[in-house]
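Participant: Provided below are the primary sequence and the corresponding predicted coordinates.
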Amino acid sequence: MKKGRYVLILLLIFFLLFLAAVVSFLMFEVGRPPAVGASSYLEIRLQGPLVEFAEANWLASLVAGGGPQSVHDVWNALRMAAVDGRITGVLLRLGPLACDWAKCAEIREAVLDFKKSGKKIYAAIEEAPEFDKEYYLATGCDRIILHPLGWLGITGIGGHVPFFKKALDKLGIEAQFEHVEEFKTAYNMFTESGFTEAHRRMTEAIAGDKFAEYVRTIAEARNMTEARIRALIDTAFFQGEDAVKAGLVDDLLYDDEIGALFRKDGRPCGRVTLGTYAQIDPSSLGLEGGRRIALLYGIGPIHGGESLYQSMGADTIVRWLRSARADHSIAAVVFRVDSPGGSAVASDSIWREVMLCRKVKPVVISMSDVAGSGGYWISMAADKIFAQPQTLTGSIGVLSGKISLEKLLDKVGITTETVRFGQRSTIFSPYRSLTPEERQLLKKEILWIYERFLAKAAEGRKMSIEDVDKIGKGRVWTGAQAKALGLVDEIGGLTKAIDAAKELAGLDRKEKVRLIVWPKRTTFLRALFGRREARLGTPLPREFREAASWAFRLNEDTIWALMPFALNFE
């Protein structure tokens, strides 16, 4: 009897869970757009992981309460709020962000575009002991507000680059890699015990260029000299009144006082959150219409097969590009890239499809935080390339190798027996080291790929192979440096890239277009029966994502067009 009762209870629980899933599906799929009051302000909270694009997913909303924050959602919300008569202003609540500088630059650019509407946007900060890139973003707003007991830290740009060679030597683990050429430092952390001359020169140039852009921008925004900003950065920390006196913030307000800033006809405005506002269709505000432009997001390490969460599968991207190329209603393609590279073969497959698409309609690249090595490979065939000043790009180079556990196994007493048919059949086995002859063989292979990388870059950028080689050799450049060298065409974000795509397609910059975004929204049926790209977009901590990405790259391919790991200084 008791057993039957337990079974009945379990069945009831499963039924309730199923009912909750159905209700969630109905709300997500067929629910009406959220109601927005006639006089409301948009509140955008930005803190923690910030990804380029978070796929709308009913299952993620049910299981995890929604996906991660994304640049796309913020960009889209700000462009809608600018034309939405119900929105009187925007409050940007800023906390520490887990992203690099170019994503902050993208949102800052969207903030400046929003201000052209005449509406106000305020940045609110509670406590920010290390807040450089977030403060850089805040300076685009009309006013910066700090909590009366809060403190602001602007400490500059810097960090530590770890090197694991000595630790690996003690363990008996040897990283054996060949690379082209001296600036291709993606695995130096495993093969060196400190900076090589080229590694240090490149890293200091990147950090120095980012710092110069940071100082110049906030000096202009806060109406100070660059020398004054540098002095304030060296002071580092400012509490309450000190931050106001230094000219770094405008007001010290409590939360209730911030809300009182948004009033219309003497009455307080209602509040609408980003999560709610993002559900509104831009076309309902008259923002989209007319010709169609495809907006493709290529995010994460590049590999063969289908895309996974925050990774770029060549099969997926090629399929999207082919669909956009074949669709006569699509006038142009904007390809948003946020990738440090990965498999050389997968990168070349995407490059090929970009080139074919370009023959039929314009293709414009918009670079986010990183678009280097394989990320640059997939970009260089486009009609036009846009990057933020802080984007990390270039890294035209190739590497290959493996991790040898031979000495470690000998230390702990593990022996192996070899069965081999073919002289090189165990070349990538972790159980033995590479011979000098095999290292030369790998070098020859990656030089062959590097030559093709150079040739394709030269063709895409209309440069000589010799000139590309001079700025190649694996060297990473900031977007500002890359523009000066001819690796990118313009400095600017997604809005400017879309405007350029319009012009190349013969449309007026002011003409409305409808954006067709890939990846498409994951519906209930696609989640159950769709391709692998219809996946659960549950966020992971940044450190786990990066570690998993690197492990994934090591295991999937043997020749990589890959950027260095530790270049994203805070």
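Facilitator: Looks like it arrived, so ask away.

Participant: In which helix or strand does residue 442 reside?
Facilitator: Per DSSP states H and E: residue 442 is located in helix 436-461.

Participant: Can you name every helix or strand that that helix contacts?
Facilitator: In terms of contacts (3 or more Cβ pairs under 8 Å, 6 or more residues apart in numbering; DSSP states H and E), helix 436-461 is packed against strand 174-180, helix 344-358, helix 374-377, strand 398-404, helix 465-471, strand 559-562. C-beta: built from backbone N, CA, C; applies to glycine.

Participant: Quick check: buried residues in that helix?
Facilitator: 438-439, 442, 446, 449-450, 453-454, 456-458, 460-461 (16 or more other Cβ atoms under 10 Å).

Participant: What segments of the stretch 251-400 of the chain are helices?
Facilitator: Applying DSSP state H, counting those that start in this stretch to the stretch 251-400 of the chain gives helices spanning 255-259, 274-277, 314-326, 344-358, 374-377.

Participant: I'd like to know which elements the second one is packed against.
Facilitator: Applying 3+ Cβ pairs under 8 Å, 6+ apart, one finds that helix 274-277 contacts strand 40-51, helix 71-83.

Participant: orientation of the helix holding residue 442 relative to strand 398-404 in degrees?
Facilitator: 150 degrees (axes from the mean of the first three to the mean of the last three Cα atoms, to 10 degrees).

Participant: I'd like the mean pLDDT over helix 436-461, please.
Facilitator: Mean per-residue pLDDT for helix 436-461: 95.

Participant: 22 is where my numbering starts, stick with that
Facilitator: Understood, numbering begins at 22; the last thing we discussed is helix 457-482.

Participant: Can you give me the neighbour number for the nearest residue to residue 471 once chain neighbours are set aside?
Facilitator: Leaving out its chain neighbours, the residue that sits closest to residue 471 by Cβ to Cβ, 6 or more residues apart in numbering is residue 201, at 4.3 Å. Residues contacting residue 201 under the criterion other Cβ atoms under 10 Å number 23.

Participant: before we move on, what about residue 276?
Facilitator: 11.

Participant: if I look at it, how far off is residue 68?
Facilitator: Look at residue 276 and residue 68: by Cβ to Cβ, to the nearest Å, they are 15 Å apart.

Participant: ok, residue 434 - contacts?
Facilitator: Neighbour list for residue 434: empty [criterion: Cβ atoms under 8 Å, 6 or more residues apart in numbering].

Participant: Name the stretch among the helices of the stretch 272-421 of the chain that sits most buried.
Facilitator: For those, the largest average neighbour count (mean count of other Cβ atoms under 10 Å) is found in helix 395-398, namely a mean of 33.

Participant: which strands and helices sit next to that helix?
Facilitator: strand 351-360, strand 362-364, helix 365-379, strand 413-415, helix 457-482, strand 580-583.

Participant: hmm, try it at 10 Å
Facilitator: Other helices and strands packing on helix 395-398, by 3 or more Cβ pairs under 10 Å, 6 or more residues apart in numbering; DSSP states H and E, are strand 323-324, strand 351-360, strand 362-364, helix 365-379, strand 384-393, strand 413-415, helix 457-482, strand 580-583.

Participant: Give me the distance from that helix to the chain's centre.
Facilitator: 14 Å (Cα atoms, centre = their mean, to the nearest Å).

Participant: average pLDDT for it?
Facilitator: Helix 395-398 comes out at a mean pLDDT of 96.

Participant: The helix or strand residue 129 falls within: which residues count as buried?
Facilitator: Counting by DSSP H and E, the element that carries residue 129 is helix 122-136. In terms of neighbour count (16+ other Cβ under 10 Å), helix 122-136 has its buried residues at 122-132, 134-136.

Participant: returning to that earlier point: now the helix holding residue 463, how far from the chain's geometric center?
Facilitator: 27 Å.

Participant: ok and that helix relative to helix 365-379, angle-wise?
Facilitator: Using the same axes, to 10 degrees: helix 457-482 against helix 365-379 is 10 degrees.

Participant: Kindly calculate the angle that helix 457-482 makes with strand 195-201.
Facilitator: Using the same axes, to 10 degrees: helix 457-482 against strand 195-201 is 40 degrees.

Participant: How about the secondary structure of the nearest residue to residue 249 once chain neighbours are set aside?
Facilitator: Closest residue in space to residue 249, ignoring its immediate chain neighbours: residue 240 at 7.2 Å, by Cβ to Cβ, 6+ apart. Classification of residue 240 by DSSP: H, G, I helix; E, B strand; the rest coil places it in helix.

Participant: so what's residue 240 up against?
Facilitator: 160, 246-251, 253 (Cβ atoms under 10 Å, 6 or more residues apart in numbering).

Participant: what's residue 117 sitting at in phi/psi?
Facilitator: phi -60, psi 130 (degrees, to the nearest 10).

Participant: That one contacts residue 155, doesn't it?
Facilitator: Yes. Using Cβ atoms under 10 Å, residue 117 is in contact with residue 155, at 6.7 Å.

Participant: quick one, which of those two is more surrounded?
Facilitator: residue 155 (21 against 15).
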